[in-house]
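Participant: coords please:
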Amino acid sequence: MLPSLRALNAAASGAAPTHYLITLVRSARGLPPASGATLEALGLHRLHQSVLHPFGPEAAGKILKVKELVTVRNVTEAEGRVAAIRRRPEGSGVVPTGRAPGGLKRDHAVGL
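Facilitator: Numbers count the residues shown, from 1 in each chain. Predicted coordinates for the structure are as follows:
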């Protein structure tokens, strides 16, 4: 696997990873309640959500408890903040139409 461009830039600038970027890839549904509680303690509530935690024994222990449910990357804080933002992929087919819920246009909504 080739290193990403960001990883090469970080290596070139001399920035060492300082945080874990944790992404939930499998649900805790059907598992013991302790697994769900650990995910909540990490700040993960829905699939494909990413959170940033600094290196430390507390975060590492939580990750080990749910290692089958998450993916972990070592990143710098700046790179992690960018990657943790939830975005729709380009070309996902979701286009804002400017319509209000219920199918009425906002400008012509009756009773508003």
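Participant: Count the neighbours of His48 for me.
Facilitator: 9 (other C-beta atoms under 10 Å). All C-beta atoms are positioned from the backbone trio N, CA, C, and that covers glycine.
Participant: quick one: what helix or strand has it in it?
Facilitator: Take DSSP states H and E as the rule and His48 turns out to sit in neither a helix nor a strand.
Participant: Quick check: it touching Leu24?
Facilitator: Yes - His48 lies in contact with Leu24 (C-beta atoms under 8 Å); the separation is 6.7 Å.
Participant: any idea of the mean pLDDT for the strand or helix carrying Lys62?
Facilitator: Assigned by DSSP H and E, Lys62 belongs to helix 57-65. Averaging pLDDT along helix 57-65 yields 95.
Participant: Quick one: name whatever helix or strand follows that helix.
Facilitator: Once the chain leaves helix 57-65, the next helix or strand it forms, by DSSP H and E, is strand 70-75.
Participant: Contacts for that following strand next, please.
Facilitator: Under the contact criterion C-beta atoms under 8 Å, 6 or more residues apart in numbering, strand 70-75 has outside partners 10, 17, 19-26, 42, 44, 52, 63, 83.
Participant: Turn the buried ones among the residues you listed into a named ChimeraX selection, would you?
Facilitator: In ChimeraX, a selection of the buried entries from the contacts of strand 70-75 looks like this (16 or more other C-beta atoms under 10 Å):
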select :10,17,19,20,21,22,23,24,42,44,52,63
